[in-house]
Structures are given as structure tokens and as C-alpha cells.
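Enquirer: Requesting a structural model of the entry that follows:
(one chain, ligands or ions: 2)
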Amino acid sequence: SWGYSKANGPYTWVSHFPIAQGSRQSPVDLRSSDTRFDAKLQPLNYHYMPTSSRILNNNGFSFKLSFDDSSDPCVLSGGPLDGHFRMNQLHMHWGCDEHAGSEHSVDGNTYAAELHMVHWNSSKYSNMQQAVAQPDGLAVIGVFIQVGAEHKELKKITDLLPMITQQDSKIELSGLNPLLLLPCSPAYWTYLGSLTTPPLYESVTWIVMKEPLSISSQQLEAIQSLYSLRSGKHERLLNNYRPPQLLAGREIRASFK
Ligand SMILES: O=C(Nc1cc(S(=O)(=O)[N+](=O)[O-])cc([N+](=O)[O-])c1O)Nc1c(F)c(F)c(F)c(F)c1F
Ligand SMILES: [Zn+2]
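Expert: Ligands and ions are numbered 1, 2, ... in the order given. Here you go, the predicted structure:
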């Protein structure tokens, strides 16, 4: 199946997922020459509260936190969005060194990692599975991550990663507050794009926060070590980020000047 190695990585995905060459693929380079300040963009509106979740090592080389979105859900609205979007899960993309690992880039600059908070359109659809392939089905908040001071809230996740190094292992985590995973500044870019992993559905309204979060180098190592521990031997570390795709005439709007 697909992955991130030479044999099954991003440049091979088109053979099983032809939409990989579609006209609204993600990620993209957020080039200032392609972005336009849009004064009509509303502020983002989060109704996020501490919630219970489960961390799953979903394929041996990444992890995702699934939220129980049946009880009091974490809901996103405002910004470029019509209606309410319920948070379904969050996960990360990263690389081998601290200067590459994010999926989006800013004028060609990449960060150590990128956090994705995946929400589905609960105003129009009844569950994630129904929404995931619809053009207005998903909203994903992307948050850049750089190495610096330790991040207390992300520590609740990075401290648990050594316990889920085996594929399909999972662990409960309650009391994570997604609000604390967002940067202080409300500034964001938004554009219409896709999932960045197969099946690459063109169903995502992307909202990429301008201000990065900082995590400690120990926290980044805990994230990066998820892969090498799985294979037992100290294999080359993994990159699980897709390279930038063609903007193909799309506009990127900025909520800030
Ligand atoms: O865990 C993942 N889940 C996931 C990703 C996206 S996404 O990355 O396409 N996205 O849009 O954020 C969208 C949805 N979704 O439900 O919509 C997802 O469930 N994907 C994932 C993965 F399977 C890997 F093998 C890997 F190495 C990695 F880094 C990953 F991020
Ligand atoms: Zn992602």
C-alpha cells in the first residue's frame, strides 16, 4: 500500500489515486505573491473544550488522536466557513530534521512539523465518512511547529508516543484541550484543497495558521522516534510529508495584512 518510501511515496500515489494530479491538491507553497488580504474574512470561532481522545499508531509510522465527536464536540465555525465543523481527529506530519517536515510552506520555507486538526461539516452531513469526499465536507486547521520552548499541552501527547511504537497500538488520553494547541495570533491563510494523504479527496477548506507553535527538541525527537522504534533497528528516520502541489490558478486569502 501507499507510504512515504521511494517505492510507495508521494510521487507514486497517482497510479492508484489519479486525483493526485487534480486541480485542487494540497499542500501548496503559501507564496506572498499568490495571497490576497481579504477584509471580509471573519475571525475563526472555536467552541473547543477539554475532551477525551485515543492516540492510535495508525500505520506504524504516524499517530492520530481520535475524538469522541458524539458527546459535547469541539466545533469550528466562522473564518471562511459556512456552517459548523466538528473536530474528528488530529495528527501530525514531520521529517528527519528540524528544517523540513511541514507540508505547507511559506515562501518556500518549511518547518519541523505540521499539526492537522481535521473537522467535518456537521451542518450538511451526518458523519465524517459521508463528508470526507464532498467538496465542502472538511475543514483542516494546519499549525506549523518549530523547535524552541517545550509545549505543555503537546507534552500530553509526546509523553505517550513511546508507548505506541507498534502499529495499531492505542492509548487513552483524556483532558487534552485542543484550544491550547492553537497559536496566540488569529492570523491565517485559507484556500480550497485536498487531503494530503491518499485518498487525496478534494474536500478540504484549508486554514493554515500564520504563527507557529514551539516544541522542545526532546518533544520533536519523541515524534521522530515513533518510526525508528517500530522497525526495531535504527532505520533511517521517516518523512511523512507530501511535497507542495501546483496552485493551478487557485487564490490564497489572508486574514491579515
Ligand atoms: O493519520 C492520518 N490521517 C488522516 C490524514 C488526513 S490528511 O493528512 O490528508 N489531512 O488532510 O490532514 C486526513 C484524514 N481524514 O480523515 O480526513 C486522516 O484520517 N494520515 C496519515 C497517515 F495515514 C500516514 F500514514 C502518515 F504517515 C501521516 F503522516 C498521516 F497524517
Ligand atoms: Zn494531515
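
Enquirer: Ramachandran coordinates for Tyr46?
Expert: Backbone torsions of Tyr46, given as degrees, to the nearest 10, read phi -110, psi 130.

Enquirer: Could you pull up the residues touching it?
Expert: 74-76, 178-179, 182 (Cβ atoms under 8 Å, 6 or more residues apart in numbering). Every C-beta, even on glycine, is put in place using the N, C-alpha and C of the backbone.

Enquirer: Quick one: residues contacting the residue lying closest to Tyr191 once chain neighbours are set aside.
Expert: Distances taken as Cβ to Cβ, 6 or more residues apart in numbering place Ile252 nearest to Tyr191, at 4.4 Å, with adjacent residues excluded. Applying Cβ under 8 Å, 6+ apart to Ile252 gives the contacts 28, 30-31, 34-36, 189-191.

Enquirer: If we use 7 Å, what do you get?
Expert: Applying Cβ atoms under 7 Å, 6 or more residues apart in numbering to Ile252 gives the contacts 30, 34-35, 189, 191.

Enquirer: Check Leu160 too.
Expert: Here Leu160 is in contact with 55, 171, 173 (Cβ under 7 Å, 6+ apart).

Enquirer: which among those residues end up buried?
Expert: Buried subset of the contacts of Leu160 (neighbour count, 16 or more other Cβ atoms under 10 Å): 55, 173.

Enquirer: Is it possible to get JSON lines of the contacts of Leu160 that adds distance to Ala131 and secondary structure?
Expert: Shown next, in JSON lines, are those (distance: Cβ to Cβ, whole Å; DSSP: H, G, I helix; E, B strand; the rest coil):
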{"residue": "Ile55", "distance to Ala131": "23", "secondary structure": "strand"}
{"residue": "Ile171", "distance to Ala131": "27", "secondary structure": "strand"}
{"residue": "Leu173", "distance to Ala131": "24", "secondary structure": "strand"}
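
Enquirer: Could you list which of the contacts of Leu160 also contact ligand 1?
Expert: For ligand 1, no contacts are drawn from the contacts of Leu160 by Cβ under 6 Å from any ligand atom.

Enquirer: If we only consider the contacts of Leu160, which is nearest to Arg24?
Expert: Ranked by distance to Arg24 (Cβ to Cβ), the contacts of Leu160 are led by Ile55 at 30.4 Å.

Enquirer: Distance check, the one residue sitting closest to the centre of the chain against Leu195.
Expert: Residue closest to the average C-alpha location in the chain (Cα atoms, centre = their mean): His116, at 1.8 Å. Distance, His116 to Leu195, by Cβ to Cβ, to the nearest Å: 10 Å.

Enquirer: and Leu76, what element?
Expert: Assigned by DSSP states H and E, Leu76 belongs to strand 75-78.

Enquirer: Tell me which residues are up against that strand.
Expert: So strand 75-78 is contacted by 42-47, 83-87, 119, 139 (Cβ under 7 Å, 6+ apart).

Enquirer: what's the spacing between the helix or strand following that strand and its chain's center?
Expert: Toward the C-terminus, strand 75-78 is succeeded by strand 85-94 as the next helix or strand (DSSP H and E). Here strand 85-94 is found 6 Å from its chain centre; the criterion is Cα atoms, centre = their mean, to the nearest Å.

Enquirer: before we move on, back to that, dump the residue contacts of the residue nearest to the centre of the chain.
Expert: Counting by Cβ under 7 Å, 6+ apart, His116 makes contact with 90-91, 140, 142.

Enquirer: Any figure for the gap between it and Glu103?
Expert: 8 Å.
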